[in-house]
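Chemist: Generate coordinates for the sequence data below:
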Amino acid sequence: MRALVALRTRGARATATLLSVAAGALALSACGTASGTTITLYNGQHVQTTDALVTAFEKAHPGIHVAVRSDSENTLDAQIVQEGARSPADVFFAENSPALEYLQGRGLLAPLPSSLLAATPARYNSPSGRWVGVTARVSLMVYDPATVSRSRLPSSILQLAEPRYAGLLGLAPSETDFQPIVTAVLRSVGRARTLAWLEGLKRNAAGHLYSSNEALTLAVNRGAVGLAVIDQYYWYRLRASLGAGSMHSTLAPFAPRDPGYVIDVSGAGVLASSHHRAAAEALVRFLVSRTGQEIIARSDSFEYPLASGVVTVQPETPFGALRPDPISVAQLGTGSTAVALLREAQLL
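Modeler: Residues are numbered from 1 along each chain as shown. Presented below is the predicted three-dimensional model:
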């Protein structure tokens, strides 16, 4: 529309033909035509997942090139806020919903068409329609049976703060995957008990704090840590890398609806400042299309596809068989309270 206004401002020199061409270009843009367009994707998701999706998208849309900038979602969130309306980002693909909720709360994400949102069940989308759920993971225990027998596993994540797990527990508290769990515990037992729980985890995991879930999962598998809480796909990826014969650890869920048993949603949104809205929406639409979701279902990312009725073909617990805490993406919010509690407990 700004282009059309500019043409009218120069109306004395513009011809009816130019106005017609401009209107036609706007109509084509509205229909999603973006020949020769380059869009920038800020990627907070795992690179394996994103590379496969972007490659397939560019093949299906030869007129659109995607420039990918990958970093942690917290870093990208802060960068987008700092850049504001000048951000070169067109699409943000986040590993967890709080990162998207944070940008949404700052007014930095554009509304998505209802037809795009309809590809994913509404409970996994932005409550205000500004981002769409693409994949999911679930938090489970990973443990070394040689160190911790299955009968010694807790039924609730709250029990991991008890003295009996001292020296056995490992944590990666700086991982953004851990924040939704803290939020779920907070919702379940309140602030005071959540802080006491975090302090108990810190005591029990003394000497076993890790910077990433990959490192934590590997530590459990080699027997350096007895048990930990991770999103399930880290274990499956390690098995794919090492081979089943080299896996000395296994997975187990908490009791149904426990606050340690949380669905983490990865989603994508279009930046409100994007100058390539049609192409950006085309990328997001591809992520939740049947083609995009089947790439996820068959990839070694071991994430659950959320959209278009596609289910994973990987040998893991079916998504529909999970019995997680019913906390919603709206209740998970931005994760800011969880981060504050982690800092207060000196885990960040």
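Chemist: Now for G207, how many residues are close by?
Modeler: Other residues near G207 number 8, with proximity taken as other CB atoms under 10 Å. For glycine as for every other residue, the C-beta is placed from the backbone atoms N, C-alpha and C.
Chemist: Ignore what I typed, I meant P145.
Modeler: The burial metric for P145, expressed as a neighbour count using other CB under 10 Å, is 15.
Chemist: that's a strand at it, yeah?
Modeler: No - secondary structure of P145, determined by DSSP: H, G, I helix; E, B strand; the rest coil: coil, with no strand assignment.
Chemist: now the strands for the chain?
Modeler: Per DSSP state E, the chain carries strands over the ranges 37-43, 64-70, 91-94, 132-143, 227-231, 250-252, 263-270, 304-305.
Chemist: give me the low-pLDDT residue ranges for the stretch 151-300 of the chain?
Modeler: Within the stretch 151-300 of the chain, no range satisfies pLDDT under 70.
Chemist: just the helices in it please.
Modeler: Counting by DSSP state H, counting those that start in this stretch, one finds helices in the stretch 151-300 of the chain at the ranges 178-189, 191-204, 213-221, 233-242, 277-287, 290-298.
Chemist: And the first one, what's buried?
Modeler: Meaning helix 178-189. For helix 178-189, the buried set under the neighbour-count rule, 16 or more other CB atoms under 10 Å, comprises F178, Q179, P180, I181, V182, T183, A184, V185, L186, R187, S188.
Chemist: What of the fourth one?
Modeler: For helix 233-242, the neighbour count (16+ other CB under 10 Å) marks Y233, Y234, W235, Y236, R237, L238, R239 as buried.
Chemist: how much space between the second one and L171?
Modeler: Right, Y234. In this structure, Y234 and L171 are separated by 14 Å, where distance is defined by CB to CB, to the nearest Å.
Chemist: Same question for the fifth one.
Modeler: Counting by CB to CB, the separation of R237 from L171 is 19 Å.
Chemist: Now do the shared contacts for Y234 and L171.
Modeler: Taking CB atoms under 8 Å, 6 or more residues apart in numbering as the contact criterion, the common neighbours of Y234 and L171 are L216.
Chemist: hmm, back to that, and the helices of the stretch 151-300 of the chain: which comes nearest L153?
Modeler: Put simply, out of these the one that sits nearest L153 is helix 213-221, at 12.7 Å, with distance taken as CB to CB.
Chemist: about what we covered before: including mean neighbour count and distance to S114, could the strands of the chain go into JSON lines?
Modeler: Shown next, in JSON lines, are the strands of the chain (neighbours: other CB atoms under 10 Å; distance: least, CB to CB, whole Å):
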{"stretch": "strand 37-43", "mean neighbour count": "22", "distance to S114": "22"}
{"stretch": "strand 64-70", "mean neighbour count": "17", "distance to S114": "23"}
{"stretch": "strand 91-94", "mean neighbour count": "27", "distance to S114": "18"}
{"stretch": "strand 132-143", "mean neighbour count": "25", "distance to S114": "11"}
{"stretch": "strand 227-231", "mean neighbour count": "25", "distance to S114": "30"}
{"stretch": "strand 250-252", "mean neighbour count": "15", "distance to S114": "37"}
{"stretch": "strand 263-270", "mean neighbour count": "28", "distance to S114": "14"}
{"stretch": "strand 304-305", "mean neighbour count": "28", "distance to S114": "21"}
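Chemist: In a markdown table, list those strands along with distance to N221.
Modeler: Listed next are the strands of the chain as a markdown table, based on distance: least, CB to CB, whole Å:
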| stretch | distance to N221 |
| --- | --- |
| strand 37-43 | 27 |
| strand 64-70 | 26 |
| strand 91-94 | 27 |
| strand 132-143 | 8 |
| strand 227-231 | 10 |
| strand 250-252 | 10 |
| strand 263-270 | 21 |
| strand 304-305 | 22 |
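Chemist: Tell me which of the helices of the stretch 151-300 of the chain lies nearest to T147.
Modeler: Across the helices of the stretch 151-300 of the chain, T147 has its closest neighbour in helix 213-221 (8.7 Å, CB to CB).
Chemist: so how far is that closest one from its chain's centroid?
Modeler: Counting by CA atoms, centre = their mean, to the nearest Å, helix 213-221 is centred 20 Å from the centre of its parent chain.
Chemist: As CSV, could you dump the C-alpha coordinates of that helix?
Modeler: Backbone C-alpha positions of helix 213-221 (Å, rounded to 0.1, in the frame of the first residue of the first chain) are rendered in CSV as follows:
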residue,chain,number,x,y,z
ASN,A,213,21.3,-31.4,26.9
GLU,A,214,23.6,-33.1,24.4
ALA,A,215,26.4,-33.1,26.9
LEU,A,216,24.1,-34.1,29.7
THR,A,217,22.6,-37.1,27.7
LEU,A,218,26.1,-38.3,26.8
ALA,A,219,27.2,-38.1,30.5
VAL,A,220,24.2,-40.3,31.5
ASN,A,221,25.0,-42.7,28.7
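Chemist: tell me the angle of it relative to helix 178-189?
Modeler: With axes from the mean of the first three to the mean of the last three CA atoms, to 10 degrees as the criterion, the two stretches helix 213-221 and helix 178-189 enclose an angle of 80 degrees.
Chemist: could you check the angle strand 227-231 makes with helix 213-221?
Modeler: Relative orientation of helix 213-221 and strand 227-231, computed by the same axes, to 10 degrees: 140 degrees.
Chemist: Check which helices and strands helix 213-221 sits against.
Modeler: Here helix 213-221 touches strand 132-143, strand 227-231, helix 233-242, going by 3 or more CB pairs under 8 Å, 6 or more residues apart in numbering; DSSP states H and E.
Chemist: No further questions, thank you.
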